[in-house]
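**Q** After the sequence you'll find the predicted model.
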Amino acid sequence: MGIIIALLIFGLIVTVHEFGHFICAKLSNIKVMEFSIGMGPKLLQKRKGETAYSLRALPVGGYCAMAGEDEITDDERGFRSAKLWKRMIVLVAGAAMNFILGFVLLIIMVCMMSDVPTTVVEEFARYKDSSGEIHYAAKSYETGLQYGDQIISMDGTRIFSTLDLNYMFATTTSSTHDLVVKRDGKRVELSDVEFYNENNGSTLDFGLVYKAKNPVTVVKGAGDLFMSMGHIVGLSLKQMVTGKLSKDDVSGPVGVVSAINETAQESESMADAVFNLLYMAALITINVGIFNLLPIPGLDGGRLLFCFIELVRRKPVKPEHEGYVHLAGMILLFGIMLFATYNDIARLITEHFGHNK
């Protein structure tokens, strides 16, 4: 059942992305030859007007095939015949739809919360001594953090929501941190703040303000989570480029499906399962949107780059030259996907035999 849910989520994300290209192409009067969900052999196909709608066997992608996308054509409704601004909108539309889907999923997720978390400090860990006197057990209070402080950044990393705080605490090895907080309406810099709860030895030694749900706080909370997820995806991409992310951490479609499946199976209740699946789906769709906008040949961002070159040069790059670049990019991306898939399968095999020992 978990695998089916995972495939449905993956399919939804791809469908929404391709629908963005499709609807903007139609609105721009660009001829769409085929709208396909999935890759590989056709399972179903229905033609309506000039467009064939297909469902294919492998739920790892999809496409919106437009006339004259990679070649010069006499068709006045071909992609390359459209005005530059229309082509750019069509290219951006896929990622935009991923972002819209992510934001909608986060709104639903926040609505499932009892209250909406903020990054404003409400309390610190404390304890009573034998005489009943109360003492602070929070190192952060002793090293500069105060009641009512809104945490803006930590060690130069912007903090949008509790998700950013959890990410920073999970990935940092430093014992002290430089913070920027908003205190009484002013930005205040705090150096060498230490987080340690003397009661239980954990890093978390403070509590945050939670606001009651209403349309404003729900949208604000979803927006903060959206920014956090985009931020974390950006940090992960930076780690990948700089080599800080291990090759063993690279995951492909198999790993994504496996992670969603585990999330569905390990949740303690149906409500928890729905909440966790919404979280993962939102993170994945935002990831897909950002990745597709990267200026990598073969991706939407790579095609956008050629549009900007055309904007500067006042004339397009020859289609055959652009096609060679995109082909090279697709080969590279296909190789990375194969490597990621190999990593996923090897990890699953290792975990399987490890559990059976």
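**A** Okay, I see it.
**Q** going forward, measure contacts between C-alpha atoms and count neighbours the same way
**A** Fine.
**Q** What separation is there between Ile159 and Ile152?
**A** Plainly put, Ile159 is 5 Å away from Ile152 if you go by CA to CA, to the nearest Å.
**Q** Kindly report the same for Thr171.
**A** To Ile152, Thr171 is 18 Å away according to CA to CA.
**Q** Neighbour count: the two, which is higher?
**A** Ile152 (20 against 8; other CA atoms under 10 Å).
**Q** Now do the host helix or strand of Thr118: everything it contacts.
**A** Thr118 is part of strand 116-124 when elements are defined by DSSP states H and E. With CA atoms under 8 Å, 6 or more residues apart in numbering as the test, strand 116-124 has contacts from 110, 136-138, 141, 146-152, 160-162, 205-213, 217-218, 221.
**Q** mind listing what's buried in stretch 8-27?
**A** Of the residues in stretch 8-27, 9-25 count as buried by neighbour count, 16 or more other CA atoms under 10 Å.
**Q** and if you look at stretch 122-139?
**A** Glu122, Glu123, Phe124, Ala125, Tyr136, Ala137, Ala138, Lys139.
**Q** what do you get for stretch 152-160?
**A** Ile152, Ser153, Met154, Asp155, Thr157, Arg158, Ile159, Phe160.
**Q** Would you point out the most distant pair within the residues you listed?
**A** By the measure CA to CA, Asp155 and Phe160 form the most distant pair in the buried residues of stretch 152-160, at 13.7 Å.
**Q** that older thread, among the contacts of strand 116-124, which ones are buried?
**A** Of the contacts of strand 116-124, these count as buried by 16+ other CA under 10 Å: 110, 136-138, 141, 146, 148-152, 160-162, 205-206, 208, 210, 213, 217-218, 221.
**Q** Okay, and which of those map to helices?
**A** Taking DSSP state H, the ones among those that sit in helices are Val110, Tyr141, Thr162, Thr217, Val218, Gly221.
**Q** Contact partners for the fourth one?
**A** Applying CA under 8 Å, 6+ apart, one finds that Thr217 lies in contact with Val116, Lys211.
**Q** What of the last one?
**A** Contacts for Gly221 were tallied using CA under 8 Å, 6+ apart; they are Ile107, Val110, Val116, Pro117, Thr118, Ser161.
**Q** Name the next helix or strand following the least confident helix or strand in the chain by mean pLDDT along the chain.
**A** Least confident helix or strand of the chain, by mean pLDDT, DSSP states H and E, is helix 253-266 with a mean of 59. Once the chain leaves helix 253-266, the next helix or strand it forms, by DSSP H and E, is helix 270-292.
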